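Undergrad: compute the structure for the input listed below.
(2 chains, ligands or ions: 1)
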Amino acid sequence: MMDVARRQRTLFDKVWDAHVVTRREDGAELLFIDRHLVHEGSFHAFNKLKERRAQVRRPDLTIGVADHYVPTRTRVLSEIAPEIAGMIRQLDDNCRANDIRLFGFDDPRQGIVHVIGPEQGLTLPGLTMVCGDSHTSTHGAFGALAFGIGASEVAHVLLTQCLWQKRPKQMRITIDGALASGITAKDVALAIIARIGADGARGHAIEYAGTAIDALSMEGRLTLCNLAIESGARCGMIAPDETTFAYVTGRPFAPKGDLLDRAIANWRELATDAEAAFDREIRLNGQEIAPTVTWGISPEDALPISAAVPDPAIFDDPAQASHVREALDYMGLQAGQALDSIKIDRVFIGSCTNSRIEDLRAAAAILAGRTARVPGLVSPGSHLVKQQAEQEGLDQIFRGAGLDWVGSGCSMCVGMNGDLVPAGERCASTTNRNFKGRQGQGARTHLMSPAMVAAAAVTGQLTDVRNFLRGDR
Amino acid sequence: MRPFDIITTTACALPLASIDTDQLIPARFMKRSRADGYGQYLLHDMRFDETGQARPDFPLNAASAAGAEVLVTRRNFGAGSSREAAVYALVDFGFRCVIAPSFGDIFASNAVNNGLLPATVSEADAEEILSLLPSTGAAITIDLRDGLIRLGNRTFSFSVDPIWRTKLLNGWDDLDLTVSLADGITGFEARDAHQRPWAALGTRRA
Ligand code: SF4
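TA: Sure thing, here's the model as predicted:
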């Protein structure tokens, strides 16, 4: 028993252990889920529930959010394609029928599920959170255990508020050293994925640690954990600290008064014990991270902006060479071409990765007093972010530069609402996936930070944002 | 769910890495009802050109692919979006097993929940199977009990999480088991509400 008391545990272990309902002979553990987020795409799961004539076990812990299909250019549902409006109404109906709290299309707090969870104080340290969306890893920024699930699992959680899981392996990514000026969490995340690969963390829960992580704002941490899934991880987590507690305090659904004090006392205990062991440790030097962009069709196809498009001929591994050839072919790029010479057709600023107020400020700081050479869309992550940005006059800067300032939603991240990049066009984007066809059939996506997208908008080509910071035009 | 034990069938080779779920089923088809089957949307934008014509050189369009129940591909298959529709598309097309050196985690668990076996092989074995397939055109056997793949006179071993293996062999659905544990869940909820009262949320109406 002494062993158990003394066992050195990670942040992940502590949150996991607190949620185990029971353990099966085969080693799977039944975890209790504190927050279950559902969106328009969850209809398959609601249909399963109907087939079984079953009830939602904990409607109080289930939260509906309209985001994937919501239009960004109108607040009137009847103005959009009936099949898209139907997806939004279907979520409404399913939430109403099951007494689920809904942040629907016409709610003043509406936004992208991974933006409004934190914003509303629904996301808290130490919670288990799931959603039928892979970027649920975002919420790990608070020290929550948060991961994406499929429709069968969504149905399982609706019915039981629990999920069978096998304890994943654990990896710690430590980044020490201050990030240079102009370097953001997005650059850190892309640098990590480039280093370990898009499946580099497969089967692992990641904990991000180190002085560079401690120094990140909540927004930056959310961006980093959001992209944990793009390295193949089950989830990404950051130990809660004063930055976290300050963010949570005063949020509408966060605990208040004595309850908050008790909660914070508990949350302080969540940090990984000094001697706890990880299955893998990765270290990066924060000072060495440069503004990073993707050139290919997987987030691992990322390089510093000063680099050139790779040449498939230099790869010995035939599978790797064929991937690079396929990527260059799809992206319409030449081997050896300088990344900062690639011309773009449009920009997109938005998505659960980079649509929070800090992201909009960073982009606006570059665009202020300048004009975009290409068209583009700026979609704030939530209605409240949009309001705040407007109070700060950021909308004027974006509009003044010639970009469209639209409503909040997933928008051009996945194009389900009809905000698409036309075939063959090249988009500098703050999103998370440069997969073939992700932003539209035949669309070519380059991922980068909001400031880098803004810089690209100004010059019409991929550009090192540091040129702007030095005062050059 | 249909149990998976041993199947002998034909295989389709798709020698590409990182086929993500956005490619397995493009987002624009996800509004559709499952009733008509999702097989028609599988890898849609690779299988069909802009005018909707089948691309003759795409492996899934080859005559030999019809009836194939095994797909062999390269690393990081099913990365990306958690959309279970990607698995529905594979299953509705007729696949029962995908062989690859690695899979996206969420994809793999979705696959198992739909009786589709994600069989992990080494990179070298994947390359060898891919190179043998076009020439043999022969039957392939997937034996889940022994974790073996037989192709011509070659035998390869594959791995699958033991928990998933049991589930697939028995055709189990977790849901019935969990529902039977309702009392245990209620007990947990009561203890937890006491220990972590801050984690509660009022009801919608509160
Ligand atoms: S913004 Fe994009 S990645 Fe984020 S939840 Fe929406 S579709 Fe998914």
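Undergrad: quick check: A:Asp60 vs A:Ala155, distance?
TA: 18 Å (Cβ to Cβ, to the nearest Å). Glycine gets a C-beta too; all of them are placed from N, C-alpha and C.
Undergrad: which one's more surrounded, those two?
TA: Comparing A:Asp60 with A:Ala155 by other Cβ atoms under 10 Å in any protein chain shown, the one with more neighbours is A:Ala155, at 25 against 18.
Undergrad: look up how far B:Val91 lies from that one.
TA: Where B:Val91 is concerned, A:Ala155 sits at a distance of 16 Å (Cβ to Cβ).
Undergrad: residues contacting the closest residue to A:Ser449 other than its chain neighbours?
TA: Nearest non-adjacent residue to A:Ser449, counting by Cβ to Cβ, 6 or more residues apart in numbering or on different chains: A:Lys186, 3.9 Å away. By Cβ atoms under 8 Å, 6 or more residues apart in numbering or on different chains, the contact set of A:Lys186 is A:Thr223, A:Leu227, A:Thr292, A:Thr353, A:Asn354, A:Thr430, A:Leu447, A:Met448, A:Ser449, A:Pro450, A:Met452.
Undergrad: would you agree A:Gly460 is in contact with A:Ile344?
TA: Yes: assessed by Cβ atoms under 8 Å, A:Gly460 is found in contact with A:Ile344 at 6.4 Å.
Undergrad: anything in contact with each of those two?
TA: By Cβ under 8 Å, 6+ apart, the residues touching both A:Gly460 and A:Ile344 are A:Val374.
Undergrad: more crowded one of the two?
TA: Neighbour tally, A:Gly460 and A:Ile344, criterion other Cβ under 10 Å: the higher count belongs to A:Ile344, 23 against 15.
Undergrad: tell me the contacts of the more buried one?
TA: A:Val374, A:Arg426, A:Cys427, A:Ala428, A:His446, A:Ala456, A:Gly460, A:Gln461, A:Leu462 are the contacts of A:Ile344 under Cβ under 8 Å, 6+ apart.
Undergrad: extract the residue ranges of the chain that are flagged as low pLDDT.
TA: Here I'm looking at chain A. A:1-6, A:471-473 (pLDDT under 70).
Undergrad: wait, chain B
TA: In chain B (pLDDT under 70), the answer is B:135-137, B:204-206.
Undergrad: all strands for it, in order.
TA: For chain B, the strands defined by DSSP state E occupy B:6-9, B:11-14, B:70-73, B:97-100, B:117-120, B:140-143, B:148-151, B:154-157.
Undergrad: now those as TSV including distance to A:Met218?
TA: Shown next, in TSV, are these (distance: least, Cβ to Cβ, whole Å):
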stretch	distance to A:Met218
strand B:6-9	50
strand B:11-14	42
strand B:70-73	39
strand B:97-100	37
strand B:117-120	36
strand B:140-143	47
strand B:148-151	48
strand B:154-157	46
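Undergrad: could you dump those strands into TSV with mean neighbour count and distance to A:His39 added?
TA: Shown next, in TSV, are these (neighbours: other Cβ atoms under 10 Å in any protein chain shown; distance: least, Cβ to Cβ, whole Å):
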stretch	mean neighbour count	distance to A:His39
strand B:6-9	14	36
strand B:11-14	23	30
strand B:70-73	26	29
strand B:97-100	25	27
strand B:117-120	22	26
strand B:140-143	20	35
strand B:148-151	19	38
strand B:154-157	14	40
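Undergrad: of all those strands, which one is nearest A:Trp267?
TA: When those are compared by Cβ to Cβ, strand B:117-120 sits nearest A:Trp267, at 36.5 Å.
Undergrad: which neighbouring elements make contact with that closest one?
TA: strand B:97-100, helix B:105-113 (3 or more Cβ pairs under 8 Å, 6 or more residues apart in numbering or on different chains; DSSP states H and E).
Undergrad: check whether the helix or strand harbouring A:Leu190 comes near the ligand.
TA: Per DSSP states H and E: A:Leu190 is located in helix A:185-196. No: judged by Cβ under 6 Å from any ligand atom, helix A:185-196 makes no contact with the ligand; its nearest approach is 13.4 Å.
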